[in-house]
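Q: sharing a model prediction with you, sequence too.
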Amino acid sequence: MSRPPGLTPRRIPRQDRSRRTVEGILDAAARVLAERGYDGASTNRIAEAAGISNGSLYQYFPNKDAIMVAVVDRFADHLTERLGAQIDATMHQPWPVAGRALLDVQIRLFQEHADLLRIIVEQIPRLGPFDKLAGLQRRLTDLVRVQLLLNRSEFRDDLDIDTTLWMLTEIVGSVSVRYVLDRPPVPHERMVDELADLVIGYLRK
């Protein structure tokens, strides 16, 4: 899906110096977002935090919203890389083991980027949909679908694949996000165990 011009970078960095500049802008934007929220993250503050002039920032991004989209895209790329590595590492293990490991990594990633996650969830849905986040969601959904089909004999007889996919993605996604953002007094390992048990109990005969 193509984005409106106002949400795309003005230029794609091709030299190392330009790439470092853009990475610096995105790092600064993430810090300013965490400190001041979406409404307080002006281009002036982002440029100051990045140690560059407004003019230099505008060489790469036309406005604040384009920077926010790039920050979210980079976050989605990071999630995709880490979760993909986890999937590859456990793909030959029994599905309950592989599933719990994936839950563990997902929640840890959310915790590492809790401030940005809060902004994405609570303050900037107005810029969505985010193509890369949607692509990550589709990849995870496809993975779960394959696991459901491969292990069908271990699941309850009345299990419907499409219904189950929707239930699992919504439950796991919502619970993981709320756990990280609400910070309940539940240790990480206990949280992962409880969520894994919930999913396994829902699936098994």
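A: Done, it's in.

Q: mind listing what's buried in the one helix or strand in the chain whose mean pLDDT sits lowest?
A: Least confident helix or strand, the chain: helix 131-150 with a mean of 83, by mean pLDDT, DSSP states H and E. Residues of helix 131-150 classed as buried by neighbour count (16 or more other CB atoms under 10 Å): 132-133, 136, 140, 143-144, 147-148. All C-beta spots, glycine's among them, are computed from the backbone N, C-alpha and C.

Q: quick check, central residue of this structure?
A: With distances taken as CA atoms, centre = their mean, the chain has residue 76 as the residue nearest its mean C-alpha position (4.7 Å).

Q: so it sits against residue 138, correct?
A: No. In this structure residue 76 lies outside contact range of residue 138 using CB atoms under 8 Å: 11.6 Å.

Q: can you count the residues close to the closest residue in space to residue 181 that isn't next to it in sequence?
A: Take residue 181 and drop its neighbours on the chain: the residue closest to it by CB to CB, 6 or more residues apart in numbering is residue 118, 5.4 Å away. By the measure other CB atoms under 10 Å, the count of residues near residue 118 is 16.

Q: mind checking how far residue 118 is from residue 197?
A: For residue 118, the distance to residue 197 (CB to CB, to the nearest Å) stands at 27 Å.

Q: packing partners of the least confident helix or strand of the chain?
A: Under the contact definition 3 or more CB pairs under 8 Å, 6 or more residues apart in numbering; DSSP states H and E, helix 131-150 sits against helix 64-90, helix 95-112, helix 161-182.

Q: after the last one comes which helix or strand?
A: Using DSSP states H and E, the next helix or strand after helix 161-182 towards the C-terminus is helix 188-203.

Q: packing partners for that following helix?
A: By 3+ CB pairs under 8 Å, 6+ apart, helix 188-203 packs against helix 95-112, helix 161-182.

Q: tell me the residue in this protein that is farthest from the middle.
A: In the chain, by CA atoms, centre = their mean, residue 157 is the one farthest from centre (33.0 Å).

Q: enumerate every residue touching residue 40.
A: residue 32 (CB atoms under 8 Å, 6 or more residues apart in numbering).

Q: next one: phi and psi at it?
A: phi -90, psi 0 (degrees, to the nearest 10).

Q: now swap in residue 155 and tell me
A: According to degrees, to the nearest 10, residue 155 has phi -100, psi 170.
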